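Asker: Turn this into a model:
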Amino acid sequence: MKLYPLQFEPILKERIWGGTKLKTYLNKPISSNITGESWEISTVENDVSIVANGFYKGKSINELINEFPDEILGTKAYKKFGKQFPLLFKYLDAREDLSIQLHPNDELAKKRHNSFGKTEMWYVMQADENARLIVGFKEKSTPEEYLKHLNNKTIVDILDTKKVKQGDVFFLETGTIHAIGAGIVVAEIQQTSDVTYRVYDFDRVDANGNTRELHIDLALEAINYETVDAQKYYSKNENLSNTIVDCRYFTTNFIPLNGAVKVNKNQNSFTVYMCVDGSFELKINTEIFYYQKGDTVLIPAALTNFELSGSASILEIYIS
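Answerer: So this is what the prediction gives:
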């Protein structure tokens, strides 16, 4: 295999709540004023990422994994997940509030949808003044109380809201009821899944006057009615990998890069870098690759020695 850092064509998604910040803030090639998501690396059915650079330009990530599973995924990740790329990487722009929603765990998702569950995390890249997220219940709830408030359209009254700023991180285990609020751009890392149970959408209609589908019955069994402690606090030691989240599905570190750092990896897992601020270079032997805010790059597991340099805030993600 020809080894080099892989970038992919962004898969852009129009959403009723989307805006234009993916273009103005992250330089994505959007053509609509309601673009809500840029899927950076995906193997979700019908949304499979295509390589945008280098020797493999035009090939899908699935083709490369099928041909070079150990080299791309890494020996440990391949053993754990097979040839299924286990993660989905996105940037989201919420011009309006997203729906109140949740995601099922692995067992329910497998039984109902033949899918992974959807454990995920958000890194807040930009937040307007007073922007907020909804994460979990204010106090322990029950299916009966939840349904009563849902039917009365007072569900927000029993949910926990968090005012957010740039750099805040939230880790959402499956079953956690949540919503990204208006005025927020996030980097999202999640299991490879597109299964969402939408339970309340503020009675919105689209341009044709249609409401979006709700999944109230499916959600009842999937919800975690306990309170959650979703916000993650982490160190920001310069030129080091500071752990934010370390779970069974992925590890995410924060690298405040200022200067040059040599990176030495084993071949256990691929590494993904999401540039959430600034810009940096990645040097392999004599080759140099350039990245800026909004870029996402997949380092094949067989690429073990390289150097990062520049002034940037970087999310580093791999399977541990």
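Asker: Spell out which residues make up each domain of the chain.
Answerer: 11-232, 242-318 (automatic domain parsing).
Asker: Tell me which of the ones you listed sits nearest to Leu3.
Answerer: Among those, the nearest to Leu3 by Cβ to Cβ is domain 242-318 (4.9 Å). C-beta: built from backbone N, CA, C; applies to glycine.
Asker: same question for the closest one, mean pLDDT?
Answerer: What domain 242-318 shows for mean pLDDT is 97.
Asker: can you tell me how far the closest residue to Asn105 other than its chain neighbours sits from Gly278?
Answerer: If the residues on either side of it in the chain are set aside, Asn105 comes closest to Thr174, at 4.0 Å by Cβ to Cβ, 6 or more residues apart in numbering. Distance, Thr174 to Gly278, using Cβ to Cβ, to the nearest Å: 33 Å.
Asker: same question, Thr154
Answerer: In terms of Cβ to Cβ, Thr154 sits 43 Å off from Gly278.
Asker: Look at those two and report which has more neighbours.
Answerer: Gly278 (16 against 10; other Cβ atoms under 10 Å).
Asker: doesn't Ser311 make contact with the more buried one?
Answerer: Yes - between Gly278 and Ser311 there is a contact at 4.9 Å, judged by Cβ atoms under 8 Å.
Asker: joint contacts of these two?
Answerer: Leu257 (Cβ atoms under 8 Å, 6 or more residues apart in numbering).
Asker: Below-threshold pLDDT in this structure: ranges please.
Answerer: Applying pLDDT under 70 to the chain picks out no residues at all.
Asker: Quick one: classify Asn62 as helix, strand or coil.
Answerer: Taking DSSP: H, G, I helix; E, B strand; the rest coil as the rule, one finds Asn62 in the helix state.
Asker: residue contacts, it?
Answerer: Residues near Asn62 by Cβ under 8 Å, 6+ apart: Thr43, Val48, Lys83, Phe85.
Asker: Next, give me the two most distant ones among these.
Answerer: Spatial extent of the contacts of Asn62 (Cβ to Cβ) is set by the pair Val48 and Lys83 at 12.8 Å.
Asker: who has more neighbours, those two?
Answerer: Val48 (17 against 12).
Asker: what's across from that one in the sheet?
Answerer: In this entry, Val48 is beta-bridged to Thr43, by DSSP bridges.
Asker: Enumerate every residue touching it.
Answerer: Counting by Cβ under 8 Å, 6+ apart, Val48 has contacts Ser42, Ser60, Ile61, Asn62.
Asker: Out of those residues, which comes closest to Glu71?
Answerer: Using Cβ to Cβ, these come closest to Glu71 at Ile61, 12.8 Å.
Asker: chain center to stretch 225-244, what's the gap?
Answerer: Computed by Cα atoms, centre = their mean, to the nearest Å, the chain-centroid distance of stretch 225-244 equals 15 Å.
Asker: now do stretch 65-82
Answerer: Computed by Cα atoms, centre = their mean, the chain-centroid distance of stretch 65-82 equals 21 Å.
Asker: Also stretch 306-318?
Answerer: Its chain's C-alpha centre and that of stretch 306-318 lie 17 Å apart, by Cα atoms, centre = their mean.
Asker: Next, the buried residues of that stretch.
Answerer: By neighbour count with 16 or more other Cβ atoms under 10 Å, stretch 306-318 contains the buried residues Phe306, Leu308, Ser309, Gly310, Ala312, Ser313, Ile314, Leu315, Glu316, Ile317, Tyr318.
Asker: got the residue ranges for the helices in this structure?
Answerer: Applying DSSP state H to the chain gives helices spanning 21-24, 61-67, 69-73, 75-81, 106-113, 143-151, 216-222.
Asker: Can you say which of those is packed in most?
Answerer: A comparison of the helices of the chain by mean neighbour count, using mean count of other Cβ atoms under 10 Å, puts helix 69-73 on top with a mean of 22.
Asker: Run through who's touching that one.
Answerer: If you take Cβ under 8 Å, 6+ apart as the criterion, helix 69-73 is touched by 1, 3, 61, 64-65, 78, 81, 83, 85, 267, 269-270, 298, 300-302.
Asker: ok, now stretch 225-240?
Answerer: Contacts with stretch 225-240, where a contact means Cβ under 8 Å, 6+ apart, come from 121, 135-143, 146, 160, 162, 168-173, 176, 178, 242-245, 254-259, 261.
Asker: All good on my end, thank you.
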